[in-house]
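Colleague: Below are the sequence and a predicted model for it; my questions follow.
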Amino acid sequence: MGVREFTVNANTDNFDANEITAHVPQYIPKASGGGLVALTGSSAESLMATTDGTDIFIYKYFFKGNEKALSSWGKFTVSGGGIRGLSFIESELYVVQSISETNQTHLLKIPMGNKQRDPEGYNTNLDRRVEVTLNTTVAVPTFTLPYLLKDGEELQVYTKDGLLVQNLVTTTNGSQTTVTFKDNIVSGGLTGTSVPLYAGVKYIMKYTFSKLLFKAQAGQNMTRTAGKMRVRGGTLFFEDSAHFEVKVTPHLRDTTTTEFNASIVQQTQEGVSVLESGSFRFPVFSDPEQTTITIENSSAMPSNFQSGEFESFVHQRSRRYG
């Protein structure tokens, strides 16, 4: 499926329709029913969203004067699919989802605003996240979720300080999910009669770098076959991040994982989430044309990236003169 942007030239009054999916011609699949389910936009955030019933494709654009400085596509994969409709209200995307496996209909709200933050100063990223309160003083500490879990979905619970609560036991109770703890022992040393928690379904944030290509400098008559390129390593520049992993998978070789966990000297404390800003180097040492480099974050802790750069070298066997 493709999308075109209808515009009017203010100087000539000519109409135009540029294809904004030209650089990703096969990114949006044709839906099984013959077309897209819904399409909506938000002028407040310069966003457009469309869905084929399973994934939500997001188009982000930005104009600097009369020039379009940003034109990017991304997507959210919604667990269970069954998307019936979506619409923007200001900066929040509302999604109607019908899950046949659990016979439930959900109204999901996805905040899409820039610099969106929870009251704690960072986001705890979980699917179908809800706020619950736990009483740790009773004999059987428990709380309930207003929805059912599908097979294969993993529930995660975090404190407002970013501590992962473990040893959860989930049971189905009508249209709700009851959560207790193994041996009725609340992990993490949580105490009190009203402990606020975030509960939701774990998901993986993933970004895959485009293929790295060797290009000659402007004015040089050189094709990319004139030399062999190898990538030594890369550097990620991030802000207010707690955890992420860089996975490098060369052709016919095992995946190498380099992990980042925030740790600030004289500030890191047990049970307190630390956010760090800076740069992170990782090794590659392979042919970029046959190597897949991805950034993944399977935790609910934030990871925000500004840019990335790579260090490479080119072995040139011959030179062209004249």
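Modeller: Cool, the structure landed.
Colleague: shaky segments in the stretch 51-200 of the chain?
Modeller: By pLDDT under 70, the stretch 51-200 of the chain has no low-scoring segment.
Colleague: hey, C-alpha coordinates of the strand or helix carrying residue 133 in CSV?
Modeller: Residue 133 belongs to strand 127-134 when assigned by DSSP states H and E. C-alpha atoms of strand 127-134 as CSV (Å, rounded to 0.1, in the frame of the first residue of the first chain):
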residue,chain,number,x,y,z
ASP,A,127,1.8,-2.5,26.7
ARG,A,128,-1.7,-2.1,28.2
ARG,A,129,-0.1,-0.4,31.2
VAL,A,130,-2.3,0.4,34.2
GLU,A,131,-1.7,1.8,37.6
VAL,A,132,-2.5,-0.5,40.5
THR,A,133,-2.1,-0.3,44.3
LEU,A,134,-0.7,-3.1,46.4
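Colleague: Give the burial count for residue 129, as a bare number.
Modeller: Residue 129: 17 surrounding residues under other C-beta atoms under 10 Å. Backbone N, C-alpha and C define where each C-beta goes, glycine included.
Colleague: next one: residue 8
Modeller: Neighbour tally, residue 8, other C-beta under 10 Å: 9.
Colleague: Show the contacting residues for it.
Modeller: Going by C-beta atoms under 8 Å, 6 or more residues apart in numbering, residue 8 touches 14, 15, 16.
Colleague: So what would you say the end-to-end distance of stretch 174-191 is?
Modeller: Start and end residues of stretch 174-191 are separated by 29 Å (C-alpha to C-alpha, to the nearest Å).
Colleague: And stretch 35-55, by the same measure?
Modeller: Distance across stretch 35-55, first residue to last, is 13 Å (C-alpha to C-alpha).
Colleague: contact partners of it?
Modeller: For stretch 35-55, with C-beta under 8 Å, 6+ apart as the criterion, the contacting residues are 1, 3, 28-33, 56-63, 75-78, 81-88, 90-91, 93, 95, 112-114.
Colleague: Look through the protein and tell me its longest strand.
Modeller: Counting residues, the longest strand found in the chain (DSSP state E) is strand 227-241.
Colleague: Grab the nearest non-local neighbour of the residue positioned nearest the centre of the chain.
Modeller: Here the mean C-alpha position of the chain is nearest to the C-alpha of residue 205 (C-alpha atoms, centre = their mean), at a distance of 3.7 Å. Closest residue in space to residue 205, ignoring its immediate chain neighbours: residue 297 at 4.4 Å, by C-beta to C-beta, 6 or more residues apart in numbering.
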